[in-house]
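Asker: Got a sequence here, can you model it:
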Amino acid sequence: MPETTAQPRFKVVLNDEEQYSIWPADRDNPLGWRDEGVSGTREECLEHVERVWTDLRPRSVRERMAAR
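Answerer: Residues are numbered from 1 along each chain as shown. Model prediction:
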């Protein structure tokens, strides 16, 4: 029977500027980042980020632009 290796698990993380990234699920988040709520394979997490992160500008820039 062939040996199968489990794919590493990742999670989607988000910072205060509403920028997304993926991070190994078994590690503590980097400072300033929080869990977004989605985890899975690297590909699944990247697909989620691509779907939800449609405006790549940081939140502070979006707010300044909207105030003009």
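Asker: who's in contact with the host helix or strand of Arg64?
Answerer: Assigned by DSSP states H and E, Arg64 belongs to helix 59-67. Helix 59-67 is contacted by residues 16-18, 55, 57 when judged by CB atoms under 8 Å, 6 or more residues apart in numbering. In short, each C-beta sits where N, CA and C put it, glycine included.
Asker: Just the element for the nearest residue to Asn29 once chain neighbours are set aside, please.
Answerer: Distances taken as CB to CB, 6 or more residues apart in numbering place Val13 nearest to Asn29, at 5.5 Å, with adjacent residues excluded. Secondary structure from DSSP H and E places Val13 in strand 10-15.
Asker: Just want the angle from the longest strand along the chain to strand 10-15.
Answerer: For the chain, the strand with the greatest residue count under DSSP state E is strand 33-40. Between the axes of strand 33-40 and strand 10-15, defined by axes from the mean of the first three to the mean of the last three CA atoms, to 10 degrees, the angle is 150 degrees.
Asker: neighbouring strands for strand 33-40, and are they parallel or not?
Answerer: Next to strand 33-40 in the sheet, as set by DSSP bridges, lie strand 10-15 (antiparallel).
Asker: starting at the chain centroid, how far to the strand it pairs with?
Answerer: 3 Å (CA atoms, centre = their mean, to the nearest Å).
Asker: do the same with stretch 39-55
Answerer: With CA atoms, centre = their mean as the basis, stretch 39-55 stands 7 Å off its chain's centre.
Asker: still on that earlier bit, now could you export just the CA positions of the longest strand of the chain as PDB?
Answerer: Taking Å, rounded to 0.1, in the frame of the first residue of the first chain, the C-alpha atoms of strand 33-40 are listed here in PDB:
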ATOM      1  CA  TRP A  33      -2.700  39.100  12.500                       C
ATOM      2  CA  ARG A  34      -5.900  37.300  13.500                       C
ATOM      3  CA  ASP A  35      -7.700  34.200  12.300                       C
ATOM      4  CA  GLU A  36     -10.200  35.000   9.500                       C
ATOM      5  CA  GLY A  37     -12.100  31.800  10.000                       C
ATOM      6  CA  VAL A  38     -11.100  29.600   7.000                       C
ATOM      7  CA  SER A  39      -8.600  26.800   7.000                       C
ATOM      8  CA  GLY A  40      -7.700  24.000   4.700                       C
END
